[in-house]
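> Need the 3D shape of this:
(chains A and B)
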2 protein chains.
Amino acid sequence: MTSRVQVLGIGNAIVDVLARVDDEFLIEIGAVKRSMTLIDEERAIEVYDMMGPGVEMSGGSVANTIAGLASLGSSSAFVGRVADDQLGRIFNHDLQSLGVDVRLAPFDGGAATARSHILITPDGQRTMQTYLGACAELAVEDVNDGTVGDPEVVLLEGYAWDILQGPALLLEATKVAERNGSVVALSLSDALCVARHRGSFFDVAERHAGMVFGNESEMINLFDAETFDEAVARASTFGTLFVMTRTEKGCVVVEGDEVIVQDAYPVSEVIDATGAGDAHTAAFLSAHAAGESLEECAVFASRCATAVISQVGGRLDEYALNHLPDP
Amino acid sequence: MTSRVQVLGIGNAIVDVLARVDDEFLIEIGAVKRSMTLIDEERAIEVYDMMGPGVEMSGGSVANTIAGLASLGSSSAFVGRVADDQLGRIFNHDLQSLGVDVRLAPFDGGAATARSHILITPDGQRTMQTYLGACAELAVEDVNDGTVGDPEVVLLEGYAWDILQGPALLLEATKVAERNGSVVALSLSDALCVARHRGSFFDVAERHAGMVFGNESEMINLFDAETFDEAVARASTFGTLFVMTRTEKGCVVVEGDEVIVQDAYPVSEVIDATGAGDAHTAAFLSAHAAGESLEECAVFASRCATAVISQVGGRLDEYALNHLPDP
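Numbers count the residues shown, from 1 in each chain, chains lettered A, B, ... in the order given. Okay, the predicted model is just below:
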């Protein structure tokens, strides 16, 4: 019998296509800066044709967190769907080479592996145009005791609610988790995504999740609050642990009456904000699993997020870990 | 009638898979540091399975130079073969989005698009394990007046001599070039590649080429010389323009009796040496086409090479051009 996996993620398996663009380009393609927009294959080809040269690397929000956990030495696993194509093999390779237990084999005969066109403006901010492809074919039957098992934490991706069977399969995942004694964690993904699925997210946060991760605007949306302080106050009424990131304002951790405010680390230049939140979540989960205090978790998460925004690409890799700011 | 293309490159169309490794890893896979080794598909899968997560981006030595020329505003074109697969479409997109006239369509039904596993050690040096795939299917009939046309310069890739019809198609390319009044330029690619094809390269340098680009060890190999000074002395007896790079020792430009010695620019940290030579060639050709003096060409080439080694990836892109050292 193998030892219990620390974190299993369920989410979108996406290859990022990163390119630098100017703000004009976002206007030209009608994209809202810093948002994630879902596009179909035809539009994906259109956007790609308009873009300059790109760099391809494995991404996906929860997949980034899972990769980060593996880089940090935590045992981790992933459930998400890629096609049996070159990008799908790249995606699986990149997770597996870190030691992540990838639970689903590439799927033959459906849509191509998902691609997210990540447009990085000169201020280091990213705007995403995502073609979900094979991700959208993740099905309820992919989530069961065999694929999910009994990890300590099951991390659900907010974006996964956007796929056809998403709501049903994520509900199934919470059932498997609760049956097997796993803590359910929810990553809110994106403010617009929260707006799309607010009821479901609120229900998970209130009734199922032990932990909720998101940024300021996602949390405000989740609680339908006017201000961040109101969101914090609402969160305090839950038993759930909330980890709320605020970019240059650091992060706030809320667990009942305990509210921890952590400053961000100074960064000389934001190279690429992609994955900062995902790295923050990975580091927080890793420190939390190691039994660190919430303050210590917040410090480590902030350091890891800083390292990721100082490089191109969204994963908390060995290079980023070698370039952590001093605590 | 369209205006004359400044530089057309003929070479290998390769997608790079870049990953950081330690020196131990090179020993483990039996790779000679800083060399390029050709591998078959089975071995490519083996090496990839042993590697950590990678970053994928378009590469290929002469293709890098052509992309660099386009970024510098020169009109350029490329002849090389990709498969009709995801990596092939990425390769063509990346050149086309810069304005490069890609002359061959992706080829359906043959081998997959080429991949070069570029292993970057902590000292920033790169060791390449290349699976040529579709590149190896470039054929003599792909090189003709229709595909090559009458550019000012036809740049030939040394590595292309390694493919089955390489010697024949490159000979054909020199014929087309000479018939249409194009200057033949030769990029020596790699010292071991020069050793494999010394006779052919020497013949091209002596009888066909107006320009030869290579690094110190490639030039020593080309002239079968004992020392770099001997190679310079031999080069002086040709009418051909030789551009010889020497990493941290800068570069030497030789044209008959004229010998120009250019110091390298200081660089705080070599992040990734991939493409430094290709960027050097692009910048030199661009300045040369603009009628600059050989001294000015050498200065500009050195500045561009410095910018490329200070970032991950081998292409002289907009970002690198925004980070040129002061002259």
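
> Show me what the helix or strand harbouring A:V194 is packed up against.
Following DSSP states H and E, one finds A:V194 within helix A:191-196. Using 3 or more CB pairs under 8 Å, 6 or more residues apart in numbering or on different chains; DSSP states H and E, the elements in contact with helix A:191-196 are helix A:216-222. C-beta: built from backbone N, CA, C; applies to glycine.

> any idea how far A:G214 is from chain B?
The gap separating A:G214 from chain B is 26 Å, by CB to the nearest CB, to the nearest Å.

> Near that residue, how many other residues are there?
28 (other CB atoms under 10 Å in any protein chain shown).

> residue contacts, it?
By CB atoms under 8 Å, 6 or more residues apart in numbering or on different chains, the contact set of A:G214 is A:G158, A:S187, A:L188, A:S189, A:V194, A:L222, A:F242, A:V243, A:M244, A:T245, A:G277.

> need the contact list for the third one.
Yep, that's A:L188 we're talking about. A:G158, A:V194, A:F201, A:V212, A:F213, A:G214, A:N215, A:E218, A:M219, A:L222 are the contacts of A:L188 under CB under 8 Å, 6+ apart.

> repeat for the fourth one
Contacts here follow CB under 8 Å, 6+ apart; on that basis A:S189 touches A:M36, A:S61, A:E157, A:G158, A:Y159, A:G214, A:E218.

> Nearest to B:D145 among those?
Among the contacts of A:S189, A:M36 lies closest to B:D145 (CB to CB), at 48.2 Å.

> any chance of the contacts of A:L188 in CSV, with pLDDT too?
Converted to CSV, the contacts of A:L188 look like this (pLDDT from 0 to 100):
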residue, pLDDT
A:G158, 97
A:V194, 96
A:F201, 97
A:V212, 98
A:F213, 98
A:G214, 97
A:N215, 96
A:E218, 97
A:M219, 98
A:L222, 98
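
> tell me the two of the residues you listed that are most distant?
A:F201 and A:N215 (13.7 Å).

> what about those two, which has more around it?
Between A:F201 and A:N215, A:F201 has the larger neighbour count (other CB under 10 Å), namely 25 against 21.

> What is the neighbour count of the residue lying closest to A:E318 once chain neighbours are set aside?
Once flanking residues are discounted, A:E318 sits nearest to A:S71: 6.2 Å by CB to CB, 6 or more residues apart in numbering or on different chains. Residues near A:S71, counting by other CB under 10 Å, number 26.

> quick revisit: so how do I select the buried members of the contacts of A:L188 in PyMOL?
Remark: buried members of the contacts of A:L188, expressed as a PyMOL selection using 16 or more other CB atoms under 10 Å in any protein chain shown:
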select buried, chain A and resi 158+194+201+212+213+214+215+218+219+222
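
> Among the contacts of A:L188, which one sits closest to chain B?
Closest approach between the contacts of A:L188 and chain B, by CB to the nearest CB: A:F213, at 22.5 Å.

> Which of the contacts of A:G214 sits closest to A:D85?
Nearest to A:D85 out of these is A:S189 (CB to CB; 24.8 Å).

> any idea how far that closest one lies from chain B?
22 Å.

> Which pLDDT value goes with A:T2?
The model reports A:T2 with a pLDDT of 56.

> Show me where the stretch 151-300 of chain A has its helices.
When secondary structure is read from DSSP state H, counting those that start in this stretch, the stretch 151-300 of chain A shows helices at A:166-179, A:191-196, A:198-203, A:216-222, A:228-236, A:276-289, A:294-309.

> what's the burial count for A:E24?
Neighbours of A:E24 using other CB under 10 Å come to 8.

> Next, it: secondary structure please.
Classification of A:E24 by DSSP: H, G, I helix; E, B strand; the rest coil places it in helix.

> So which residues on chain A come close to chain B?
Within chain A, the positions near chain B by CB under 8 Å from any CB of the partner chain are A:20, A:48-49, A:51-58, A:67, A:85-87, A:90, A:93-95, A:97-98, A:112-113, A:312-313, A:315, A:317-319.

> List only buried entries from those residues.
Here, 16+ other CB under 10 Å leaves A:20, A:48, A:51-58, A:67, A:85-87, A:90, A:93-95, A:97-98, A:112-113, A:312-313, A:315, A:317, A:319 buried among the residues of chain A next to chain B.

> Looking at those residues, which are in strands?
A:R20, A:V55, A:E56, A:M57, A:S58 (DSSP state E).

> mind giving me TSV with these and columns for pLDDT and distance to B:L8?
TSV is the format used below for these (pLDDT from 0 to 100; distance: CB to CB, whole Å):
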residue	pLDDT	distance to B:L8
A:R20	91	27
A:V55	93	26
A:E56	96	27
A:M57	95	31
A:S58	96	35
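
> And those, which is closest to chain B?
A:E56 (3.9 Å).

> who are the neighbours in contact with A:A282?
In this structure, A:A282 makes contact with A:N64, A:T65, A:I66, A:A67, A:G68, A:L69, A:S71, A:L72, A:C304, A:L316, judged by CB under 8 Å, 6+ apart.

> er, A:C297 actually
Taking CB under 8 Å, 6+ apart, one finds A:V253, A:A283, A:F284, A:A287, A:H288 in contact with A:C297.

> and the gap between A:L119 and A:V21?
To A:V21, A:L119 is 5 Å away according to CB to CB, to the nearest Å.

> A:E41 too?
On the measure of CB to CB, A:E41 and A:V21 end up 21 Å apart.

> The two: which is more packed in?
Looking at A:E41 and A:V21 with other CB under 10 Å, you find the greater number of neighbours at A:V21, namely 20 against 13.

> Go ahead and confirm that one touches A:G52.
Yes: between A:V21 and A:G52 there is a contact at 7.2 Å, judged by CB atoms under 8 Å.

> Out of the helices of the stretch 151-300 of chain A, indicate the one that is most buried.
helix A:276-289 (a mean of 27; mean count of other CB atoms under 10 Å in any protein chain shown).
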